[in-house]
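Engineer: Pasting the sequence and the predicted coordinates here, then a few questions.
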Amino acid sequence: MADFPSDDFCIFTIDYRLMQEQSKNKKVIRILGIESSCDETAASILENGKILSNIVAGQEVHKEYGGVVPELASRAHQQNIVPVVSVAMRKAGVEPKDLDAVAVTRGPGLAGSLHVGVSFAKSLSMALGIPVIGVHHMQAHILAHFIAGQEQSFPGFPFLALTVSGGHTQLVKVNDYFAMELLGETRDDAAGEAYDKIAQLLGLPYPGGPHIDRLAAEGNHTAFSFPVSRLEGYDFSFSGLKTSVLFFLRKKVAENPDFIHDNLADLAASVQYAIIRTLVEKVEKAALETGIGRIAIGGGVSANRGLRSAMQAIARKHGWHLYIPEFQYTTDNAAMIAIAGYMKYLRGVFDGLDLVPAARLPITNS
Ligand code: KG4
Ligand code: ZN
């Protein structure tokens, strides 16, 4: 690594103290959010907590591999990032000079993919003389609940958050915007990963979660019985379910090669039931044990209709308040990065140009 003997050698300097002073007097604050932690290149413009544009470019290239190929993901981010940011700015009617800060996912995620977003954000920060703000991806999934203009009110603190995505499954106690405690997480596969891997066994395209969701609505969840994981404490496990489905299908297909085709909707419904029971039972246990009756869900799997209605049912049963984000803020997006960046901006929390991505990043680290 290069060794810089003194600040004089750095031609790029940003006066953060001055910016923090200036930020206090601003009435209109516009943040560009950038997300590139996995296989979505996304950009969003947020003005005073409201989203003006929210652009997400998916990456078709992974479909033929049945999962995200990291090297191909970072290349696609390189191709997409400039057009995606340009479209987000144009749609919002905002020019570069109107931006007050650029917020970017700094982790957790795929290292090569994160590097594209962080490098781009730092370049923009230097070019425009505005601060760069690093954002924790999983915190952002939770803070998406604070984007203005959604049907529901904002959750009060403390609340419990179940974040379920392709890379993570976490149960978090949210004491404040950036004070989060991890109560439990998956010990193996994430919930979204379980959906995607089991969908692949069923011959469904990647990502399989939405396909299982759609098919499950037409099937009978009691048709087949798959194991519901019940670990002690607040941790989750989904790899046992995946293995159980694999062995079950092997046996059944050996007897009848059309078994999957003939039972697709019932298989989807039964798998979905096992995943949702695992999630809902943990949330119920945490809410009862902590006495916190405000529960938020987030992440790609929170788009699942079965999970939404199962969570609504337990919330109704106990008289708890449930917070469900708009669909556009569930799967990976940059609006959630922009709102998290905005909250940091209001607190004068900026990063330096030495910001580096972190593939692994605990949620307690904001
Ligand atoms: O949050 P996200 O977009 O990316 C990560 O941070 O990983 O989550 C993606 C995951 C994928 O595994 C996808 O299959 C799952 O969310 N997903 C769903 C649904 N929509 C997306 N899973 C179940 N039902 C859905 N409707
Ligand atoms: Zn995510």
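Structural biologist: Yep, it's here. Numbering: from 1, shown residues only. Ligands and ions are numbered 1, 2, ... in the order given.

Engineer: can you pull the contacts of the spatially closest residue to P158 that is not a sequence neighbour?
Structural biologist: Using CB to CB, 6 or more residues apart in numbering and skipping the chain neighbours, the partner closest in space to P158 is N175 (4.9 Å). Any C-beta I mention is one placed from the backbone N, CA and C, and that applies to glycine too. N175 makes contacts with F157, P158, E181, as judged by CB atoms under 8 Å, 6 or more residues apart in numbering.

Engineer: ok, now with 10 Å
Structural biologist: If a contact means CB atoms under 10 Å, 6 or more residues apart in numbering, then N175 has F157, P158, F159, E181 as its contacts.

Engineer: Distance of the residue of the chain most remote from its centre relative to D262?
Structural biologist: If you look at how far each residue of the chain sits from its centre, by CA atoms, centre = their mean, the farthest one is E255, at 40.3 Å. With the distance defined as CB to CB, to the nearest Å, E255 ends up 12 Å from D262.

Engineer: And R75, by the same measure?
Structural biologist: Counting by CB to CB, the gap from R75 to D262 is 40 Å.

Engineer: more crowded one of these two?
Structural biologist: Between R75 and D262, counted using other CB atoms under 10 Å, the more crowded position is R75 (16 against 12).

Engineer: Could you pull up the mean pLDDT of the helix or strand containing the more buried one?
Structural biologist: Here R75 is covered by helix 70-92, with elements defined by DSSP states H and E. In this model, helix 70-92 has an average pLDDT of 95.

Engineer: just stretch 320-337 next, same as before
Structural biologist: When pLDDT is averaged over stretch 320-337, the result is 97.

Engineer: What is the lengthiest helix in the chain packed up against?
Structural biologist: When the chain is scanned for its longest helix (criterion: DSSP state H), the result is helix 259-290. Secondary structure elements in contact with helix 259-290, counted by 3 or more CB pairs under 10 Å, 6 or more residues apart in numbering; DSSP states H and E, are strand 159-164, strand 169-176, strand 179-185, helix 191-201, helix 209-216, helix 239-255, strand 294-298, helix 305-318.

Engineer: R75 is in contact with G112, isn't it?
Structural biologist: Yes - when contacts are counted by CB atoms under 10 Å, R75 is listed as touching G112 (8.6 Å).

Engineer: just checking, I51 touches A334?
Structural biologist: Yes - because the distance of 9.5 Å satisfies CB under 10 Å, I51 is recorded as touching A334.

Engineer: And the pLDDT at A42?
Structural biologist: Here the pLDDT value assigned to A42 is 97.

Engineer: swap that for Q59, sorry
Structural biologist: pLDDT, Q59: 82.

Engineer: now stretch 100-120, how far from the chain's geometric center?
Structural biologist: Taking CA atoms, centre = their mean, to the nearest Å, the mean C-alpha location of stretch 100-120 is offset from the chain mean by 14 Å.

Engineer: and it, is it in reach of ligand 2?
Structural biologist: No - remark: stretch 100-120 sits outside contact range of ligand 2, by CB under 5 Å from the ion, the gap being at least 8.1 Å.

Engineer: So for that stretch, what gets flagged as buried?
Structural biologist: 100-110, 112-120 (16 or more other CB atoms under 10 Å).

Engineer: what about the closest residue in space to G49 that isn't next to it in sequence, which SS state?
Structural biologist: The spatial neighbour of G49 that comes closest, neighbours along the chain excluded (CB to CB, 6+ apart), is A148 at 4.3 Å. With DSSP: H, G, I helix; E, B strand; the rest coil as the basis, A148 sits in coil.

Engineer: tell me which residues in the lowest-mean-pLDDT helix or strand in the chain are buried?
Structural biologist: Of the helices and strands making up the chain, the lowest-confidence element is helix 16-25, at a mean of 72, by mean pLDDT, DSSP states H and E. By neighbour count on 16+ other CB under 10 Å, the buried set for helix 16-25 is M19, S23.

Engineer: One more: stretch 180-200?
Structural biologist: The neighbour-count check on stretch 180-200 (16+ other CB under 10 Å) flags 180, 183-186, 189-200 as buried.

Engineer: What of stretch 315-334?
Structural biologist: Of the residues in stretch 315-334, 315, 320, 322-326, 328-334 count as buried by neighbour count, 16+ other CB under 10 Å.

Engineer: How about stretch 279-291?
Structural biologist: Of all the residues in stretch 279-291, those buried under the rule 16+ other CB under 10 Å are L279, V280, E281, K282, V283, E284, K285, A286, A287.
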